[in-house]
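Undergrad: Sequence and predicted structure are below.
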Amino acid sequence: MAFERTYNMIKPDGVRNRHVGDIISRIERVGLTIERMELTMVTPEQAAENYREHEGKPFYEGLISYITSGPVVKMVVSGENAVATMRKLMGATNCAQAAPGTIRGDFGLTVDENVIHGSDSVESAEREIAVFFGA
Ligand code: IDP
Ligand code: MG
């Protein structure tokens, strides 16, 4: 067991389609703790920093305009195995392949708008928390 912090973000489609309450309730139901949370816009600088590993890929420009297209809910979530547990709750990147019962499987249809972001490792989490909430 490992106590971890992770960075999660309900993306603009998740907010626009009014899934915030349902997603928060899934996070709490599994026993994780929401430590920080804010409804806010993602700046172009934060978007570029968060998705720098995808720069140059064909979907990169669309990804940046999607993530800056409307308010998001950014969160720091903590608890035992928080990174992997959130990835499990989220489901596969492509909503079309995400299992029913996962956030992406239940609230999305495509890979372009996939409802929620979650860090893929403890190292990414700490970097992303600094990008979105400051040091
Ligand atoms: P993840 O969000 O499950 O960690 P990543 O591979 O890190 O998936 O991709 C980051 C984000 O980029 C995805 O959540 C999705 O919004 C977008 N994305 C990834 N692959 C594609 C694609 O093939 N087409 C369009 N958007 C994509
Ligand atoms: Mg990722």
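TA: On my side now, so go ahead. For clarity, every value in this text was computed on a predicted model and none was experimentally measured. Ligands and ions are numbered 1, 2, ... in the order given.
Undergrad: Tell me which residue of this protein is furthest from the middle?
TA: Taking Cα atoms, centre = their mean, the residue of the chain most remote from its mean C-alpha position is Met1, at 22.6 Å.
Undergrad: ok, for that residue, nearest residue in space, not its chain neighbours?
TA: Sequence neighbours aside, Glu80 is the residue nearest to Met1 in space, at 4.9 Å (criterion: Cβ to Cβ, 6 or more residues apart in numbering). In this view, the C-beta of every residue, glycine as well, is placed from N, C-alpha and C.
Undergrad: what are the bridge partners for that neighbour, then?
TA: For Glu80, the beta-bridge assignment (DSSP bridges) gives partners Phe3.
Undergrad: contacting residues for it?
TA: For Glu80, the residues meeting the contact criterion (Cβ atoms under 8 Å, 6 or more residues apart in numbering) are 1-4, 31.
Undergrad: in this protein, which spans are helices?
TA: Taking DSSP state H, the helices of the chain run over residues 12-16, 20-29, 44-50, 60-67, 82-90, 103-107, 122-133.
Undergrad: pretty sure the residue farthest from the centre of the chain contacts Asn81?
TA: Yes. The pair Met1 and Asn81 passes the contact test of Cβ atoms under 8 Å, sitting 6.8 Å apart.
Undergrad: Around ligand 1, pick out the residues from the chain.
TA: With the criterion set to Cβ under 6 Å from any ligand atom, the chain comes near ligand 1 through 54, 59, 63, 93, 111-112, 114, 117, 120.
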